[in-house]
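> sequence and predicted model, in that order:
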Amino acid sequence: MTNVRVEVSEWIRVGVLVAVWSTLLYISKMGLVINWESVKQLPTVVTVYATLSYAFTKWLWRMPLLQGWLVPFPDLQGTWQGEIRTTGKDLHGDPNGTPIPVILVIKQDYSSLSCTMHTITSDSRSTAAQLSHDLDGTIRMAYNYTNRPKAVVRDQIPMHDGAAILRLVLHPKRCLEGEYWTNRRSIGDISVKFRSRLLLEEFPI
């Protein structure tokens, strides 16, 4: 399925390039013929095409009309809110079995994806992130991250690296759920629901 979409995408790129060139020739009343005058329009064609490509990468790919057949992954950008449960220890050194409130902020365009998770005591920022399809069509988001605790708790919670794999659930409400693990030998579960398009920069108090 992915290969088919890649092939469709390539043909659409070629089609858009030809359409832009043909439109410019029609507007300039040169006629749809290949000659030196039409070739001189190529710099303008490339400029218009680059502008359209930028607009598609940043915004147009989010259109529902393009989802599924051309754009293989959904638009997840926004703030997701929920909790994590961890096997790690709390600030007192005891096993932390209570839920920890979190927000997960996802920034996404057609060719890139990044994740930032905020809690009251720390921030985690992705170093790499990607979306993938399982054979049954399930969409998963996987990312590696570096966690940076706030200065006041850093003597109890050291900086560390980790990774997470989350499954996208679309119905009845959009949510992401899965698990994470760290190089501190702790693991846990993550469950967040979509909150809003607003990209929060810190944990809401």
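Yep, that arrived.
> and the protein, what are its domains?
2-66, 78-196 (automatic domain parsing).
> what ranges does the chain have for its strands?
For the chain, strands defined by DSSP state E occupy the ranges 78-86, 100-108, 113-118, 122-133, 139-149, 160-169, 175-182, 187-196.
> and those: which comes nearest Ser53?
Nearest of these to Ser53, taken as Cβ to Cβ: strand 100-108 at 17.1 Å. Glycine gets a C-beta too; all of them are placed from N, C-alpha and C.
> got any ranges where the chain has weak pLDDT?
1-18, 20-21, 24-41, 88-97 (pLDDT under 70).
> need the strands of the chain in a markdown table with mean neighbour count, can you?
Output for the strands of the chain, formatted as a markdown table (neighbours: other Cβ atoms under 10 Å):
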| stretch | mean neighbour count |
| --- | --- |
| strand 78-86 | 19 |
| strand 100-108 | 20 |
| strand 113-118 | 21 |
| strand 122-133 | 16 |
| strand 139-149 | 18 |
| strand 160-169 | 17 |
| strand 175-182 | 18 |
| strand 187-196 | 16 |
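> Thr23 is nearest to which of those?
So among those, strand 100-108 is nearest, using Cβ to Cβ, at 30.7 Å.
> mind giving me the packing neighbours of that closest one?
strand 78-86, strand 113-118, strand 187-196 (3 or more Cβ pairs under 8 Å, 6 or more residues apart in numbering; DSSP states H and E).
> hey, what's the angle from it to strand 187-196? Just curious.
With axes from the mean of the first three to the mean of the last three Cα atoms, to 10 degrees defining the directions, strand 100-108 sits at 60 degrees from strand 187-196.
> dump the strands of the chain to JSON lines, plus distance to Val46.
Below are the strands of the chain laid out as JSON lines (distance: least, Cβ to Cβ, whole Å):
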{"stretch": "strand 78-86", "distance to Val46": "34"}
{"stretch": "strand 100-108", "distance to Val46": "27"}
{"stretch": "strand 113-118", "distance to Val46": "28"}
{"stretch": "strand 122-133", "distance to Val46": "30"}
{"stretch": "strand 139-149", "distance to Val46": "34"}
{"stretch": "strand 160-169", "distance to Val46": "37"}
{"stretch": "strand 175-182", "distance to Val46": "39"}
{"stretch": "strand 187-196", "distance to Val46": "38"}
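> which of those sits closest to Trp69?
So among these, strand 122-133 is nearest, using Cβ to Cβ, at 14.1 Å.
> which elements pack onto the closest one?
By 3+ Cβ pairs under 8 Å, 6+ apart, strand 122-133 packs against strand 113-118, strand 139-149.
> closest one to Ala50 among the strands of the chain?
strand 100-108 (21.3 Å).
> each with direction, which strands does the closest one pair with?
strand 78-86 (antiparallel), strand 113-118 (antiparallel) (DSSP bridges).
> which residues touch the last one?
In this case it means strand 113-118. 76, 102-108, 123-126, 129-131, 141, 143, 145, 200, 202-203 (Cβ atoms under 8 Å, 6 or more residues apart in numbering).
> cutoff 6 Å now
Residues external to strand 113-118 that are found in contact with it (Cβ atoms under 6 Å, 6 or more residues apart in numbering): 102-107, 124-126, 129, 143, 202-203.
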